[in-house]
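S.K.: Build me a model from this:
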Amino acid sequence: MLDPKLAKDTIAAIATPPGDGGVGIIRISGTNCRVIASKVFRAAAKSFSDFTPYRLHYGHVLDANGRELDDVLAAFMPGPNSYTGEDVVEINCHGGRAVLSAVLEVILNLGARLAARGEFTYRAFMNGRMDLSQAEAVAEMIHAPTKAAMHLAQVKLSGLLGKKISELRAKLEHLRAQLVVAVDFPEDEVECLSPEELVKVSSEVRSEINGLLSAVDRTKAWREGALVVLAGRVNAGKSSMMNALLGRNRAIVTDQPGTTRDYLEESINLDGLNIRLADTAGIRKTDDAIEAAGLEMGRDLMDQADLVLFLADGTAPLEEDALERARILDPDKTLAVLNKSDLPNFSADHGAALANLKLETISVSAKHGTDIDSLCNRIRERVLHGAGQPDPDELTPNARQAAVLASATEELLLLEQDTEMGIPYDLLSVRLETACDILSGITGEITSNEILNAIFDSFCIGK
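M.R.: Below is the predicted model:
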């Protein structure tokens, strides 16, 4: 948890992912970072006397006994023109875990504190280097599953969402100022805001907010990826289908039904769209407690799925227990796949029962890969619901921001209803003030410590 009382501490952390790599970076931020860095760093150049800002200096990091730990490059970035807005030193070491841990240990022993999750970005926010929407965009950039998601996060990181919210707040604040004049000088001959104009401006702001909200669902699959669940009766070929979609053997395939007892999950990329593919246990009646638990887990996954691939064996009519499950599937979230088209007794007519349930049906052979490309294209189309490639310059709120915006629209709708009912202007001003305060939660001017902690706790240590 981030404690404002500790904001003056000098903090340090490994800023690169855990594991072995060519280069690893240790970041130090705070008043004493330069002093600490001068104690652990010995420059290779004899002419070196102090860190020149924004320049890489080659040398060695020393341990407490003056022994060399690693060859490094060190850079000093004075505040406020640094990531955090404070003095910052970054030491580029070799990327081995032991090396980075040893260097960090020396730095911590010299008085720095290990940074909390997201504390570097938290300090950037608190020091005015970025607003809250930009800080959240940092995490979205890091976790972006696709290039499209990265572009959507970059738009917010540039500050465009914060700027848009500030523009909308400015319109509402102007309305508040006009209401104050009307309330404070009711008998003076001043130009007063009419109820019709108040409703008009509020409705325009609300429409612009709804435009931002419409992008949330439209770009969800691009930003978060999509869950596609393979379901169907045992021995319908779900594991073979998963292997075919992955292009490698991930699921065990045997002639014995019931090989998959819980579920397997892997990710695939369909032309830039990230898909979480889950292979569930086959549908059948069982007295096996473990298999029954797996079946229940599969049903839960199907409820959560963006798309269900309901597999059926195309060499025979659908069994009643599988058909019973198919009846409760949502046609808008289901793509029926008639498998084993390579076998001589395969018939598209065996999928008639699925077609009668309004389920779109496609025929494939998972074993031989026949029509798998067509299936992949259709999966992508169904998941995107015709949304297509997102506009790289589109402003797309995340889930928290969308909830805040929805609350603001509710308050503005109530304002418009109250205005039409003839509610006094002083009470309407309270509605406007509330709407403005709600919108400020996007950029962080008015945001509780609990919300800030929840946001920055989702960051990795070192960012």
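S.K.: how about the strands of this structure, start to end?
M.R.: When secondary structure is read from DSSP state E, the chain shows strands at 11-14, 23-29, 41-43, 57-62, 68-77, 88-94, 113-114, 226-232, 263-270, 273-280, 307-313, 334-339, 360-363.
S.K.: Mind pulling up the pLDDT for residue 150?
M.R.: With respect to pLDDT, residue 150 scores 90.
S.K.: doesn't residue 143 make contact with it?
M.R.: No. Judged on CB atoms under 8 Å, residue 150 makes no contact with residue 143 at a distance of 9.8 Å. Bear in mind the C-beta positions are built from the backbone N, C-alpha and C, glycine included.
S.K.: Tell me which of those two has more neighbours.
M.R.: Shown here are residue 150 and residue 143; by other CB atoms under 10 Å, residue 150 has more neighbours (18 against 15).
S.K.: Report the contact partners of that one.
M.R.: 141, 144 (CB atoms under 8 Å, 6 or more residues apart in numbering).
S.K.: quick one: the spatially most central residue of the chain from residue 224, how far?
M.R.: The centroid of the chain falls nearest to residue 140 when counting by CA atoms, centre = their mean (5.0 Å). For residue 140, the distance to residue 224 (CB to CB, to the nearest Å) stands at 10 Å.
S.K.: next one: residue 445
M.R.: With the distance defined as CB to CB, residue 445 ends up 27 Å from residue 224.
S.K.: and the two? which has more neighbours close in?
M.R.: Taking other CB under 10 Å, residue 445 and residue 224 do not tie; residue 224 has more neighbours (19 against 15).
S.K.: which residue packs closest to that one, ignoring adjacent ones?
M.R.: Using CB to CB, 6 or more residues apart in numbering and skipping the chain neighbours, the partner closest in space to residue 224 is residue 145 (7.1 Å).
S.K.: try residue 216
M.R.: Residue nearest to residue 216 in three dimensions, not counting chain neighbours: residue 402, with 4.8 Å by CB to CB, 6+ apart.
S.K.: The one you found: how many residues sit nearby?
M.R.: For residue 402, the neighbour count with other CB under 10 Å is 17.
S.K.: now swap in the one 5 residues further on and tell me
M.R.: A total of 15 residues lie near residue 407 under the criterion other CB under 10 Å.
S.K.: Then the one 10 residues further on?
M.R.: Applying other CB under 10 Å, we find 12 other residues in the vicinity of residue 417.
S.K.: do residue 383 as well
M.R.: Residue 383: 23 surrounding residues under other CB under 10 Å.
S.K.: Contacts only, for residue 19.
M.R.: By CB under 8 Å, 6+ apart, the residues touching residue 19 are 95, 97.
S.K.: so what pLDDT did it get?
M.R.: Reported pLDDT for residue 19: 83.
S.K.: tell me the contacts of residue 276?
M.R.: Applying CB under 8 Å, 6+ apart, the residues near residue 276 are 225, 226, 227, 228, 265, 266, 267.
S.K.: nearest spatial neighbour of the residue nearest to the centre of the chain, skipping sequence neighbours?
M.R.: residue 153 is the one closest to residue 140 (CB to CB, 6+ apart), at 3.8 Å.
S.K.: same thing with residue 130?
M.R.: Spatial nearest neighbour of residue 130, excluding adjacent residues (CB to CB, 6+ apart): residue 124 at 5.3 Å.
S.K.: Might you list the low-confidence residue ranges for the stretch 251-400 of the chain?
M.R.: Along the stretch 251-400 of the chain, the parts satisfying pLDDT under 70 run over 251-263, 282-298, 386-388.
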